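Chemist: What would the 3D arrangement of this be:
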Amino acid sequence: MPSDQTQNFEDELSPEYHFDYQKAKPNRFAVGQKTQKATVVVLDEDVAQVFTTPESVNKVLRALIKSMPQSAGDETA
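Modeler: Take a look at the predicted model:
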């Protein structure tokens, strides 16, 4: 017999949650994950239509980096 003190819990979801990713820890049970750090960047739709893979984006960005001056301190006024 159910007790009079039994509570009826409803499954309510908040419309938004705020997570502190600074406190996040890696999943120790995940096997074979890449150990290198990755940064996620959202591309605008027109750019994403041209660069459809992470490899294509990285290739173009690396070429751009090579064509840039090494540092702002190298330039003389």
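
Chemist: so where do the helices sit in the protein?
Modeler: Remark: helices assigned in the chain by DSSP state H are 45-50, 54-67.

Chemist: which sections of the protein are below the confidence cut-off?
Modeler: For the chain, the stretches with pLDDT under 70 are 1-10, 32-36, 71-77.

Chemist: Name the residue closest to the centre of it, please.
Modeler: Centroid-nearest residue in the chain: residue 40, 3.7 Å away (criterion: Cα atoms, centre = their mean).

Chemist: Could you report the separation of it from residue 54?
Modeler: 10 Å (Cβ to Cβ, to the nearest Å). All C-beta spots, glycine's among them, are computed from the backbone N, C-alpha and C.

Chemist: same deal with residue 47?
Modeler: In terms of Cβ to Cβ, residue 47 sits 13 Å off from residue 54.

Chemist: What's the local residue count around residue 57?
Modeler: 16 (other Cβ atoms under 10 Å).

Chemist: Nearest residue to it in space, please, no chain neighbours.
Modeler: Excluding its sequence neighbours, the residue lying closest to residue 57 (Cβ to Cβ, 6 or more residues apart in numbering) is residue 51, at 4.6 Å.
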